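Trainee: I'll drop the sequence and a predicted model, then ask my questions.
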Amino acid sequence: ASHRSCPGEASTASPTAQEPAKPSAVKVAKSRLVYCLIGVAVVLLLSDRGSEPSRRPATPTAASSAVRSTPSPSDTSPQAATSHAVPSQTEPTALPPSAFSPPASIADMVEQVAPAIVQVRPATGTAPQTPFQPGSQRHSLAGSGMIVSSKGLMVTNAHVVGDSPQALVQRQGQQLLGQVVYRDPDLDIALVKLEGGSYPTVRLGNSDAVRPGEWAIAIGSPMGLSNTVTAGIISAINRQGSELQLAGRSGPFIQTDAAINPGSSGGPLLNDRGEVIGINTAVLEGTQGLSFAVPISAVQPLLEAAR
């Protein structure tokens, strides 16, 4: 007779007769997720490789093509070879800051130079004349000058002192009498010796190194207004007297657009370091911004001889 087990009774059937255990639903879901992720990764990898030959480099813009970065030595790609072939001169060259900006402080420069700048007029004869607006009234104006030696040697224009053997010099409210020790009408230079010593002096620069476009500062007494400061640039160098139609003046001259007016003659033209590079001497009548100075290099031999 067959035996039926009661509920809760242990089964006496052989283990080999039982069905194998089935995996749980969680394990099945995990396995399927892993297979899906692997499949997606393979598809993405194959699609990326398949589309690589069709890629083209973006067309460079004018701005990006102007400067190319230098590839690393280990970069052997075609793009790296093209970059190596670009000439180095395509890279922009940085200019000195002084080419773009004015001196750090013109005011500080003027404070250092101004004590050595003077007004000059001939002790005898007639001082330079110039119209003074408004109206047609004319004023007798002093020229300008600068002290180059602590022993009292100073420089001005020959046309400022004229034929007078002496010059009246005014410095910081003090009236001095100087002896004209040298004059050269062609160069338009006169040397005047003051009595006494321990005078403040200007610093002389190198006018042979001046380039057009550099900053220029003029100090003088235009219209009798002492220590007037104007600024501009060096417009040109080596201007000859024949170009300027200056009778009896051979040159060369430094051209500047720093304002120079009657009375500025004999004053210094400075570079952006406060060094004298020229002696203001002339303007073209009826023009603006066309002023001229005698290069200091033409005067230095005279100064050395006078000292």
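Mentor: Thanks, I have the structure now.

Trainee: Every contact and neighbour count from this point should use C-alpha atoms.
Mentor: Fine.

Trainee: low-scoring stretches of the protein, by residue?
Mentor: 1-24, 26, 28, 47-104, 126-141, 245-248 (pLDDT under 70).

Trainee: tell me what the helix of greatest length in it is packed against?
Mentor: Assignment by DSSP state H gives helix 25-51 as the longest helix of the chain. Using 3 or more Cα pairs under 8 Å, 6 or more residues apart in numbering; DSSP states H and E as the contact test, no helix or strand touches helix 25-51.

Trainee: Go through that helix and flag the buried ones.
Mentor: Within helix 25-51, no residue counts as buried by 16 or more other Cα atoms under 10 Å.

Trainee: What of stretch 182-196?
Mentor: Result for stretch 182-196 [16+ other Cα under 10 Å]: buried residues 183, 187-194.

Trainee: So what touches it?
Mentor: 151-159, 161, 167, 176-181, 248-251, 281, 294, 299 (Cα atoms under 8 Å, 6 or more residues apart in numbering).

Trainee: which of those residues count as buried?
Mentor: Of those, these count as buried by 16+ other Cα under 10 Å: 151-159, 161, 167, 177-180, 249-251, 281, 294, 299.

Trainee: Which ones among those residues map onto helices?
Mentor: 158-159, 161.

Trainee: Distance to Leu270 for those - can I get that in JSON lines?
Mentor: Below are these laid out as JSON lines (distance: Cα to Cα, whole Å):
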{"residue": "Ala158", "distance to Leu270": "20"}
{"residue": "His159", "distance to Leu270": "21"}
{"residue": "Val161", "distance to Leu270": "22"}
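
Trainee: tell me the contacts of the spatially closest residue to Asn271 that is not a sequence neighbour?
Mentor: Residue nearest to Asn271 in three dimensions, not counting chain neighbours: Ala216, with 5.1 Å by Cα to Cα, 6 or more residues apart in numbering. Contacts for Ala216 (Cα under 8 Å, 6+ apart) come out as 231-234, 256, 258, 269-272.

Trainee: Among these, which one sits closest to Ala209?
Mentor: Asn271 (10.7 Å; Cα to Cα).

Trainee: Help me confirm that the closest one comes into contact with Ile217.
Mentor: Yes: look at Asn271 against Ile217 with Cα atoms under 8 Å: they come within range, at 6.4 Å.

Trainee: re the thing from before, what bridges to the residue nearest to Asn271?
Mentor: Gly232 (DSSP bridges).

Trainee: host element of Gln112?
Mentor: helix 106-113 (DSSP states H and E).

Trainee: hmm, who's touching that helix?
Mentor: 201-202, 229, 273-274.

Trainee: ok, which pair from those is furthest apart?
Mentor: Top of the distance list for the contacts of helix 106-113 (Cα to Cα): Thr201 and Val229, 17.4 Å.

Trainee: returning to what we had before: Tyr35: which of the contacts of Ala216 is nearest?
Mentor: Asp272 (76.8 Å).

Trainee: Just to be sure, that closest one is in a strand?
Mentor: No: read with DSSP: H, G, I helix; E, B strand; the rest coil, Asp272 is coil and lies in no strand.

Trainee: how near is it to Arg32?
Mentor: Asp272 sits at a distance of 80 Å from Arg32 (criterion: Cα to Cα, to the nearest Å).

Trainee: Could you check which of Asn271 and Ile217 has the larger neighbour count?
Mentor: A direct count of neighbours by other Cα atoms under 10 Å for Asn271 and Ile217 places Ile217 higher, at 28 against 24.

Trainee: Where do the strands of the stretch 201-307 of the chain begin and end?
Mentor: 203-204, 215-220, 228-239, 253-256, 268-270, 275-283, 291-295 (DSSP state E, counting those that start in this stretch).

Trainee: Redo those as CSV? Include distance to Ala116.
Mentor: As requested, these are exported to CSV (distance: least, Cα to Cα, whole Å):
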stretch, distance to Ala116
strand 203-204, 10
strand 215-220, 11
strand 228-239, 13
strand 253-256, 22
strand 268-270, 10
strand 275-283, 12
strand 291-295, 18
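
Trainee: Indicate which one of these is closest to Glu304.
Mentor: Taking those one by one with Cα to Cα, strand 203-204 is closest: 12.2 Å.
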